[in-house]
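S.K.: This is the structure alone, sequence omitted:
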Ligand SMILES: NC(=O)c1ccc[n+]([C@@H]2O[C@H](COP(=O)([O-])OP(=O)(O)OC[C@H]3O[C@@H](n4cnc5c(N)ncnc54)[C@H](O)[C@@H]3O)[C@@H](O)[C@H]2O)c1
């Protein structure tokens, strides 16, 4: 890896996901021409806010949690990116996720910079009241830097419409006006957008269809394996199943369920809603341990859980034709090289999962104009943006003879740095 000027607050021996992102920037830099003069700007988040989030627990004790909001780059517009509640959240992770948002927003050409937030907490250990207090206190702590024209949070792992409603309400109370545009992914009753909940999974499906056409893989009958059965993986699995694909394996945090003829995805959703995970699903032919998931042969593999799941250790075992990165950062750079050498077509996260932020953008536009669109209109516009972005990335990849990941970074980083260059440095 090229040596980087690292900030003192990161451990140089364990850079985590931020190190993964820096390596991706190294790969794109030779393709940026004269704009590479500005590339250092992509290697340093614009602004990092670390906050202490204290709450009173139901038993009367006081608990403190570590929270972050990172604004990576705002050259093209206000910050945009989700908020994650997870016990393993680190600053390095939030930094990387914010940077991938910069790249993603530019890749699909929505007028946003990149940001991300998180709290280091396992929300399953909190009551509903505690979760609400945590969310409200976090929102008040980061209200210094968020706002409808400054930085607009959205849901990510373990956050949902309810959490967004509490964030919006807290911000509105602090500001003294009804700022629906301060967050996206809100409930429909509160300025949310039709189609937002399904948008990321739908986008994964749309680029999957494009990639399959390029690779000569028919969706009907294709074997699809999915890691993560939440908002992204659950919706993507449903859409592939509806298009005639066989969902041969699903893994979540509780286990792995397998059926070579295809799992009944609707029944699996019901089971997960009742049991809290895929484990014990009566419609499975077999159950597997965590690691064996990577040995399952498929035509399309969709990692849609967490980052750094596919590594140099398990990548050699993967047998698939197309990989659609629903999760952010699921593949380490070493694993990326291994899969590329095996001629697996990888549609990278910064393109494949951009459907969510695209419909978040629609939600924000609808909130500003207080004029709401039909679901058909939203899905049609989403499909067009995802297809166009895939086509543009495909053309760059062919032209420069690079992977779809590097091609997406070329397109996106060029847009970000062009904006940086014409704006110039202040003061
Ligand atoms: N929700 C969005 O709109 C959106 C948009 C873009 C990217 N993403 C990314 O997609 C990924 C999933 O997000 P989500 O919103 O679907 O989250 P979610 O909380 O709805 O679902 C996460 C899923 O991953 C599973 N999981 C957790 N840990 C696991 C493990 N160790 N092994 C296997 N499975 C595990 C969970 O059981 C659950 O099924 C994340 O990387 C997120 O950043 C989400």
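M.R.: Noted; the coordinates are in hand. Here the structure is a predicted model, which means the values were calculated and not measured.

S.K.: okay, CA-based contacts and neighbour counts for the rest of this
M.R.: Noted.

S.K.: what comes up buried for stretch 209-228?
M.R.: 209-212, 217, 219, 221-228 (16 or more other Cα atoms under 10 Å).

S.K.: for the helix or strand harbouring residue 50, the distance to its chain's centre please.
M.R.: Assigned by DSSP states H and E, residue 50 belongs to strand 47-56. Remark: strand 47-56 is offset 22 Å from the chain centroid, using Cα atoms, centre = their mean, to the nearest Å.

S.K.: Parallel or antiparallel, which strands does the following helix or strand past that strand pair with?
M.R.: Following strand 47-56 in sequence order, the next helix or strand is strand 62-73 (DSSP H and E). Strand 62-73 has its sheet partners listed here by DSSP bridges as strand 47-56 (antiparallel), strand 114-120 (antiparallel).

S.K.: can I get these in TSV with mean neighbour count and distance to residue 127?
M.R.: Below are those laid out as TSV (neighbours: other Cα atoms under 10 Å; distance: least, Cα to Cα, whole Å):
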stretch	mean neighbour count	distance to residue 127
strand 47-56	16	11
strand 114-120	29	16
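
S.K.: In TSV, list the ones you listed along with mean pLDDT and distance to the ligand.
M.R.: Converted to TSV, the strands paired with strand 62-73 look like this (pLDDT from 0 to 100; distance: least, Cα to the nearest ligand atom, whole Å):
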stretch	mean pLDDT	distance to the ligand
strand 47-56	98	19
strand 114-120	98	10
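
S.K.: rewinding a little: mind putting the buried residues of stretch 209-228 into CSV with distance to residue 277?
M.R.: What follows is the buried residues of stretch 209-228, written out as CSV (distance: Cα to Cα, whole Å):
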residue, distance to residue 277
209, 28
210, 30
211, 30
212, 29
217, 30
219, 26
221, 26
222, 24
223, 22
224, 19
225, 16
226, 14
227, 12
228, 10
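
S.K.: now, the most widely separated pair of those?
M.R.: 217 and 228 (23.0 Å; Cα to Cα).

S.K.: quick one: low-confidence ranges for this protein?
M.R.: In the predicted model of the chain, residues 1-3 satisfy pLDDT under 70.

S.K.: sorry, back to before: can you tell me which of the strands paired with strand 62-73 is nearest to residue 139?
M.R.: Of all those, strand 47-56 sits nearest to residue 139, with 9.5 Å by Cα to Cα.

S.K.: quick one: contacts of that closest one?
M.R.: 62-72, 130, 133-134, 137-138, 141-142 (Cα atoms under 8 Å, 6 or more residues apart in numbering).

S.K.: Narrow these to those that are buried.
M.R.: 66-72, 130, 133-134, 137-138, 141-142.

S.K.: Just send the strands paired with strand 62-73 back as TSV, with distance to residue 271 too.
M.R.: Shown next, in TSV, are those (distance: least, Cα to Cα, whole Å):
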stretch	distance to residue 271
strand 47-56	33
strand 114-120	28
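
S.K.: Who are the packing partners of the helix or strand hosting residue 387?
M.R.: Applying DSSP H and E as the criterion places residue 387 in helix 375-400. Here helix 375-400 touches helix 196-215, helix 349-352, helix 355-369, helix 404-423, going by 3 or more Cα pairs under 8 Å, 6 or more residues apart in numbering; DSSP states H and E.

S.K.: Let me know which of the ones you listed is tucked in deepest.
M.R.: Counting by mean count of other Cα atoms under 10 Å, helix 349-352 has the highest mean neighbour count of the helices and strands packed on helix 375-400, with a mean of 27.

S.K.: domain parsing for the protein?
M.R.: As recorded under automatic domain parsing, the domains making up the chain are 46-180, 197-352.

S.K.: With distance to residue 414 added, can I get those domains in JSON lines?
M.R.: As requested, the domains of the chain are exported to JSON lines (distance: least, Cα to Cα, whole Å):
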{"stretch": "domain 46-180", "distance to residue 414": "9"}
{"stretch": "domain 197-352", "distance to residue 414": "15"}
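
S.K.: Residue 406: what's it in contact with?
M.R.: 24, 27-28, 397.

S.K.: Counting neighbours, what do you get for the closest residue in space to residue 205 that isn't next to it in sequence?
M.R.: Spatial nearest neighbour of residue 205, excluding adjacent residues (Cα to Cα, 6 or more residues apart in numbering): residue 236 at 5.8 Å. A count of nearby residues for residue 236, using other Cα atoms under 10 Å, gives 27.

S.K.: What's the first helix or strand after whichever strand or helix holds residue 236?
M.R.: Assigned by DSSP H and E, residue 236 falls within helix 231-242. Later in the chain than helix 231-242, the nearest helix or strand by DSSP H and E is strand 246-252.
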